[in-house]
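Colleague: Here you go, sequence then predicted model.
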Amino acid sequence: MKKIAIILLLLICCLCLLTACAGKGKGTANSQKITTSKSGKIDVSVHTPGEANKEGKIELTPLLSVEQKGITDDAKGLRLLTATKTGEGSVSLSGQKARPGETITVTAAPADKWKLASISVNGEPLPEGVSSFTMPDRDVAVAVVFADRRHLLLLGDHVTCDLTERPENWNEYSSPAYTVLEGDRYVVTVDYEDENGYYDDEDVACAYYDYATSQTVPVALRAEGSGRYSFTAPAADCYISVTTHACKRVTGVSVFEGTGNDAVDYTDLCQVTVLCDGQPYTLGDRVRQTARFSVSVTAPFPFLTDTVTYNEQGSYRTYSLAATVTDNVAVFDAGLLWVDSCDLRLSVRRVWSLVCDDCEGGEISVDRTGATRGETVTVTVTPDDGFIPDALRYTTDGVTYTDLLPSDRLFSDGVYTFDMPAGGEDGSVRLTASFKACEWYDCSIDDDRLGAWTVTGALSGVHTAESEGGNTVRLIWGESFTVTLTAGEGYLLHRVGFYSNCRHTTVIQREYMDSTEYEMTVGSGSVFVSGDKSFGMRITVETRSAQ
């Protein structure tokens with residue numbers, strides 16, 4: 001009986017619909033409103049009944065079909081929820097039907113190497129990080145978009161990485177191409193093999209192109225040291241490049257005195273400091289071409305500077321620099337190097353100190369406290385009264401001595417010179433002298449017809465005929481002396497002779513001068529070597545009348 005009642009009810013409904021359609025002309029599926037006590041989707045078909053067949057079943061003729069018509073439950077107020085997705089991942093809702101005002105939660109789980117990009121409700125995106133919404137008084141379509149986290153990384157020249165995953169079409173790119181995951185951190189290495197290339201940390205750049213704004217967007221790089229840089233992969237294909245500059249570098253600074261086989265290397269004794277643009281510089285580091293170098297050399301001894309020489313591939317090129325030396329420190333500006341890579345060689349002249357020993361019988365002094373190799377040094381020897389120099393020497397090691405007195409041992413004026421040698425380990429050249437008591441001999445004048453005469457010795461002073469002893473004066477054995485003769489009134493000096501032994505050997509003789517005055521300096525070695533101390537030196541003067 002229940003089945004018959006249901007069938008009759010459906011037939012009544014169909015007839016009512018048919019009647020409604022007939023009363024309104026041609027009906028359409030979109031003009032129908034179906035109300036039921038169930039929520040969901042149903043298929044509705046409208047038929048006209050025919051005659052019963054042999055089995056007693058009534059044939060139905062289709063008139064109208066409405067497929068998958070959305071219906072609501074007017075009695076309970078439920079609304080429908082549907083969800084769609086784009087990309088790889090899973091989506092679920094907290095319910096398929098809900099009343100207006102209820103909170104709906106969307107659970108979106110991206111697949112591996114994918115991310116949740118957006119959640120939209122009826123075309124309106126939810127704020128980032130929000131996955132729930134309040135059910136409106138209408139049906140809702142939830143759309144979830146998953147985005148691929150895999151992006152392209154392109155590397156410029158001299159940039160490498162340890163990545164192995166590559167896109168399928170990696171060989172179509174002119175630069176090395178790798179796959180990176182958005183949000184993950186990666187490390188790349190810059191290995192610039194060109195000796196003439198140079199870059200700073202700020203010259204290494206990572207960026208991507210934003211097509212929405214048509215702009216290049218930089219990606220932060222962090223220097224990890226030793227040419228390594230790390231970055232976080234952005235939400236787009238990106239690239240890393242290096243901008244290089246011409247470079248300069250100083251590979252070494254040496255300190256030498258002299259050249260060739262005579263050169264002395266002082267580098268190990270000196271402290272060398274190099275600054276680049278005012279900052280400490282490590283020898284061999286490449287810096288950009290516009291960098292300026294300054295060098296200071298601190299030595300444990302006083303010195304003078306000559307030149308700075310650039311050594312480029314074994315070829316020395318001289319470049320004059322203005323160096324300031326203060327307290328054994330030389331500072332010079334190497335400026336903008338005009339060679340790519342070079343050694344700097346500072347040529348110096350070491351100043352060796354001069355030390356004069358204390359001496360008995362006299363003293364010695366020098367015209368400076370220190371001198372460089374080859375520089376002329378003047379030594380003044382001052383004997384005490386009654387003494388003459390016996391030896392004057394210098395030494396650099398306290399063992400070997402070099403004699404500074406002439407071979408004939410003449411002490412004309414007490415002033416001597418020598419070329420400064422290199423000093424010893426203590427940095428000095430030591431001078432020493434010895435003195436001996438004077439040995440005297442007489443010098444006589446044999447002519448009484450002189451108006452005046454003097455004999456002047458280098459160390460013995462000035463002697464005149466008026467001195468006690470008449471025409472005899474005492475001279476120091478071994479010294480040179482000067483004789484000045486003036487003829488008396490009415491007379492001329494006719495001839496002067498010098499004799500140094502008892503056989504009256506002529507040493508120097510001026511004949512027939514016929515002058516009123518005569519001056520002669522006697523200082524040859526033969527005068528003193530062959531002279532007889534007991535006989536002394538005799539000067540003979542012949543005069544004649546001026547009439």
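Modeller: Yes, it's here.
Colleague: which intervals of the chain have sub-threshold pLDDT?
Modeller: By pLDDT under 70, the low-scoring segments of the chain are 1-48, 60-76, 193-196, 312-317, 319, 338, 407-413, 438-481, 499-511, 522-539.
Colleague: Tell me the bridge partners for residue 178.
Modeller: residue 153 (DSSP bridges).
Colleague: Tell me, how many residues neighbour it?
Modeller: Residues within reach of residue 178, counting by other CB atoms under 10 Å, total 19. All C-beta atoms are positioned from the backbone trio N, CA, C, and that covers glycine.
Colleague: Likewise for residue 416?
Modeller: 19.
Colleague: ok, now which ones touch it?
Modeller: Taking CB atoms under 8 Å, 6 or more residues apart in numbering, we find residue 416 in contact with 378, 379, 380, 381, 392, 404, 405.
Colleague: Can you tell me the element the last one falls in?
Modeller: Residue 405 belongs to no helix or strand when assigned by DSSP states H and E.
Colleague: just checking, it touches residue 389?
Modeller: Yes. Using CB atoms under 8 Å, residue 405 makes contact with residue 389 at a distance of 6.7 Å.
Colleague: Neighbour count for the two, which is higher?
Modeller: residue 389 (24 against 16).
Colleague: phi, psi of that one?
Modeller: phi -60, psi 140 (degrees, to the nearest 10).
Colleague: right, and it touches residue 383 too?
Modeller: Yes. Between residue 389 and residue 383 a contact is recorded at 6.2 Å, counting by CB under 8 Å.
Colleague: show me where the chain has helices.
Modeller: With helices called from DSSP state H, the chain shows them at 2-24, 525-529.
Colleague: quick one on the thing from earlier: out of the contacts of residue 416, which are buried?
Modeller: 379, 381, 392, 404, 405 (16 or more other CB atoms under 10 Å).
Colleague: ok, and the closest non-adjacent residue to residue 187?
Modeller: Distance criterion CB to CB, 6 or more residues apart in numbering; nearest residue to residue 187, sequence neighbours excluded, is residue 230 at 4.8 Å.
Colleague: how far away is the one you found from residue 545?
Modeller: According to CB to CB, to the nearest Å, residue 230 stands 119 Å off from residue 545.
Colleague: Give me the more crowded residue out of those two.
Modeller: Neighbour tally, residue 230 and residue 545, criterion other CB under 10 Å: the higher count belongs to residue 230, 14 against 9.
Colleague: For the more buried one, list each beta-bridge partner.
Modeller: Assigned bridge partners for residue 230, using DSSP bridges, are residue 187, residue 222.
Colleague: and the gap between it and residue 154?
Modeller: Distance of residue 230 to residue 154, given as CB to CB: 17 Å.
Colleague: what's near enough to touch the residue most central in space within the chain?
Modeller: The centroid of the chain falls nearest to residue 281 when counting by CA atoms, centre = their mean (3.5 Å). By CB under 8 Å, 6+ apart, the residues touching residue 281 are 250, 274, 275, 287, 293.
Colleague: 10 Å instead?
Modeller: For residue 281, the contacting residues are 249, 250, 273, 274, 275, 287, 291, 293, 294, 295, by CB atoms under 10 Å, 6 or more residues apart in numbering.
Colleague: what's the neighbour count on the fifth one?
Modeller: Taking other CB under 10 Å as the criterion, the count of residues near residue 275 is 17.
Colleague: Same check on the second one?
Modeller: Using other CB under 10 Å, residue 250 has 23 neighbouring residues.
Colleague: Next: the third one.
Modeller: The number of residues packed around residue 273, counting by other CB under 10 Å, is 14.
Colleague: what does the first one give?
Modeller: Using other CB under 10 Å, residue 249 is surrounded by 21 other residues.
Colleague: Make sure it is actually in contact with residue 283.
Modeller: Yes. Residue 249 is within contact range of residue 283, at 8.1 Å (criterion: CB atoms under 10 Å).
Colleague: Let's see stretch 227-240 as CSV, backbone CA atoms only.
Modeller: This file holds the C-alpha atoms of stretch 227-240, laid out as CSV (Å, rounded to 0.1, in the frame of the first residue of the first chain):
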residue,chain,number,x,y,z
GLY,A,227,84.7,33.7,-1.8
ARG,A,228,81.6,31.9,-0.5
TYR,A,229,78.1,33.5,-0.4
SER,A,230,74.8,32.2,0.9
PHE,A,231,71.2,33.3,-0.1
THR,A,232,67.6,32.2,0.4
ALA,A,233,65.9,31.1,-2.9
PRO,A,234,63.2,33.6,-3.8
ALA,A,235,59.7,32.8,-5.2
ALA,A,236,60.9,33.1,-8.8
ASP,A,237,63.7,32.1,-11.1
CYS,A,238,66.9,34.0,-10.1
TYR,A,239,70.5,34.5,-11.1
ILE,A,240,73.9,35.2,-9.5
